[in-house]
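*Asks:* Sequence and predicted structure below; questions after.
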Amino acid sequence: MEIRVYYEDTDCGGVVYYANYLRWLERSRTEFLRERGIELATLMQQDTWFSVSECNIKYKKPAKYGDLISATTELDEVGGAAFWVKNQVWRDDELLADARVRIACMSGAGKAKRLPKEVVECLYKNP
């Protein structure tokens, strides 16, 4: 997914504020799910919610005002009640940020629950 870095994304020096990478990774994960037929609104109606329960991100190089970057998501691992993705932010062929994120499956009441079988099947689909 391509993203243009706007002034609002940066600090006073024109360098992207670190927390903005998390927003971009979230968008990339949402599109990853959508491309595989997983609609979050539908799951929420079925009392199935996803929540980031762990995020390890390494910032390699800064993105700057005006850059055209891309955020990517790949499935890394699937467990009973969670899945892990590998997220990256790139500028051309330069890796800017590398993250591994755990997405927990839970009920609306905040209790852990197993990933629905249909969701697991969709996670493995190639769009």
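*Replies:* Looks like it arrived, so ask away. Numbering: from 1, shown residues only.
*Asks:* so what secondary structure elements neighbour the helix ranked longest in the chain?
*Replies:* Longest helix in the chain, counting residues (DSSP state H): helix 19-35. Applying 3 or more CB pairs under 8 Å, 6 or more residues apart in numbering; DSSP states H and E, one finds that helix 19-35 makes contact with strand 49-59, strand 68-78, strand 82-91, strand 94-106. (C-beta placed from N, C-alpha, C; glycine too.)
*Asks:* closest to Glu2 out of those strands?
*Replies:* Across these, Glu2 has its closest neighbour in strand 68-78 (5.2 Å, CB to CB).
*Asks:* Which elements pack onto the closest one?
*Replies:* Strand 68-78 packs on strand 2-4, helix 19-35, strand 82-91, helix 117-123, going by 3+ CB pairs under 8 Å, 6+ apart.
*Asks:* Deepest-packed of those, please.
*Replies:* Greatest average neighbour count among the helices and strands packed on strand 68-78 goes to strand 82-91 (a mean of 19), per mean count of other CB atoms under 10 Å.
*Asks:* Kindly present the helices and strands packed on strand 68-78 as TSV, with separate columns for mean pLDDT and distance to Asp11.
*Replies:* Below are the helices and strands packed on strand 68-78 laid out as TSV (pLDDT from 0 to 100; distance: least, CB to CB, whole Å):
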stretch	mean pLDDT	distance to Asp11
strand 2-4	97	17
helix 19-35	97	10
strand 82-91	98	17
helix 117-123	96	36
